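Enquirer: kindly generate the corresponding structure for this input.
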Amino acid sequence: MSTTIRDVAKKANVSTATVSLVINNHKRISPATRAKVLSAIKTLDYHPSRSARGLVSNRTGNIGFILREDHFSKS
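Expert: Predicted coordinates for the structure are as follows:
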């Protein structure tokens with residue numbers, strides 16, 4: 001199972017909102033807290049989920065194609 005933002009928050013002893021602010025590079029976070037969260041992110045090897053980001057932003061970045069010719073579907 002992949003690491004979640006909650007895992008990072010627990011490891012850094014901060015809220016999930018604070019982790020989110022650090023990830024999104026918000027200026028409101030103190031340098032000490034930012035360092036603590038970034039250390040937890042590195043230790044846990046956290047990577048933001050692209051599918052979760054797509055759900056929140058309602059944009060996936062995927063492109064679909066519809067082809068009319070059967071020629072392209074045959075091997």
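
Enquirer: got the contact list for the helix ranked longest in the chain?
Expert: Determined from DSSP state H, the single longest helix within the chain is helix 31-44. If you take CB atoms under 8 Å, 6 or more residues apart in numbering as the criterion, helix 31-44 is touched by 3, 7-8, 11-14, 18-19, 22-23, 29, 46. Glycine gets a C-beta too; all of them are placed from N, C-alpha and C.

Enquirer: for the spatially most central residue of the chain, which three-state class applies?
Expert: Centroid-nearest residue in the chain, with CA atoms, centre = their mean: residue 48, separated by 2.0 Å. Per DSSP: H, G, I helix; E, B strand; the rest coil, the secondary structure class of residue 48 is coil.

Enquirer: ok, now how distant is the residue nearest to it when sequence neighbours are not counted from residue 69?
Expert: Distances taken as CB to CB, 6 or more residues apart in numbering put residue 23 closest to residue 48, at 6.6 Å, once the chain neighbours are dropped. Noted for residue 23: a distance of 44 Å to residue 69, by CB to CB, to the nearest Å.

Enquirer: and residue 15, by the same measure?
Expert: Applying CB to CB to residue 15 and residue 69 gives a distance of 54 Å.

Enquirer: returning to that earlier point: dump the longest helix of the chain to PDB, restricted to CA.
Expert: Only the C-alpha atoms of helix 31-44 are listed here, as PDB (Å, rounded to 0.1, in the frame of the first residue of the first chain):
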ATOM      1  CA  PRO A  31      10.900  26.900   8.000                       C
ATOM      2  CA  ALA A  32      11.200  24.400  11.000                       C
ATOM      3  CA  THR A  33       7.800  22.800  10.200                       C
ATOM      4  CA  ARG A  34       8.500  22.700   6.500                       C
ATOM      5  CA  ALA A  35      11.800  20.900   7.200                       C
ATOM      6  CA  LYS A  36      10.100  18.400   9.500                       C
ATOM      7  CA  VAL A  37       7.400  17.600   6.900                       C
ATOM      8  CA  LEU A  38       9.900  17.400   4.100                       C
ATOM      9  CA  SER A  39      12.000  15.000   6.200                       C
ATOM     10  CA  ALA A  40       8.900  12.800   6.800                       C
ATOM     11  CA  ILE A  41       8.100  12.900   3.100                       C
ATOM     12  CA  LYS A  42      11.600  11.700   2.200                       C
ATOM     13  CA  THR A  43      11.700   9.100   4.900                       C
ATOM     14  CA  LEU A  44       8.400   7.600   3.900                       C
END
